[in-house]
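Colleague: no sequence on this one, just coordinates:
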């Protein structure tokens, strides 16, 4: 299971999991984003905006969730902890649900004891921890891109003055793919991307 599955990190996680033979459930916000997540390989999607995550997970995963790649945290993480399997793994990559919250308003996880019962592992993930493997990873990712087994989207905005807008789009989930701010175009108009 992958949360924020339509985002820049989530879309890559969905495809890598599928490329390795996993059954993939992607969580995204809205019908369009869920459709996109299915189009890149997810077996099932859950629209978190409909608010039935726990019930849908119980239906889709009657035996539980083996691996949860968490980009969201908060209530969604708490819900997933209620349906994890024995020896599950929870990868903590992001906490989108609380980035704008003050410390007193951050959602407090209530179901962490499920990790004890299920003998699960929850660990933070920062890509910098794997910097020695960057050349190997880049080579493998490029191989998958060239083989058309891995794709990604870019949400490009023009000019430094668009940086606040780009950040707002990212935090509100209004972006499609990685938000990039293009500072200047090359002089050659043929190289200018079509937005």
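Modeller: Perfect, I can see it now. This one's a predicted model, so the numbers in the text were calculated from it and none came from an experiment.

Colleague: I figured residue 121 was touching residue 86, is that so?
Modeller: No: the criterion here is C-beta atoms under 8 Å, and residue 121 misses it with residue 86 at 11.4 Å. For the C-beta atoms, the positions are set from N, CA and C on the backbone; glycine is no exception.

Colleague: Ends of stretch 62-82, what's the gap?
Modeller: 12 Å (C-alpha to C-alpha, to the nearest Å).

Colleague: Stretch 152-160 too?
Modeller: With C-alpha to C-alpha, one end of stretch 152-160 sits 23 Å from the other.

Colleague: List the residues that contact residue 34.
Modeller: By C-beta atoms under 8 Å, 6 or more residues apart in numbering, residue 34 lies in contact with 6, 26, 28, 45, 46, 47.

Colleague: can you tell me which two in those are farthest apart?
Modeller: Pairwise distances among the contacts of residue 34 were taken by C-beta to C-beta; the largest, 11.7 Å, belongs to 6 and 46.

Colleague: that's a strand at residue 17, yeah?
Modeller: No: Residue 17 is assigned helix when assessed by DSSP: H, G, I helix; E, B strand; the rest coil, not a strand.

Colleague: what's the span of stretch 70-84, first residue to last?
Modeller: Stretch 70-84 has an end-to-end distance of 13 Å (C-alpha to C-alpha).

Colleague: Pull out the buried positions in that stretch.
Modeller: For stretch 70-84, burial by neighbour count (16 or more other C-beta atoms under 10 Å) applies to 70-81, 83-84.

Colleague: now swap in stretch 108-121 and tell me
Modeller: For stretch 108-121, using 16+ other C-beta under 10 Å, the buried residues are 114, 115, 118, 120.

Colleague: Same question for stretch 86-99.
Modeller: 88, 90, 91, 92, 93, 94, 95, 96, 97.

Colleague: Mind putting those residues into TSV with pLDDT and secondary structure?
Modeller: Listed next are the buried residues of stretch 86-99 as TSV, based on pLDDT from 0 to 100; DSSP: H, G, I helix; E, B strand; the rest coil:
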residue	pLDDT	secondary structure
88	98	strand
90	98	strand
91	98	strand
92	97	strand
93	96	coil
94	93	coil
95	93	coil
96	89	helix
97	89	helix
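
Colleague: What is the most widely separated pair among those residues?
Modeller: 88 and 96 (21.1 Å).

Colleague: Now name the helix or strand holding the closest residue in space to residue 78 that isn't next to it in sequence.
Modeller: Distances taken as C-beta to C-beta, 6 or more residues apart in numbering place residue 111 nearest to residue 78, at 5.0 Å, with adjacent residues excluded. Using DSSP states H and E, residue 111 sits within no helix or strand.

Colleague: That concludes my questions; thank you for your assistance.
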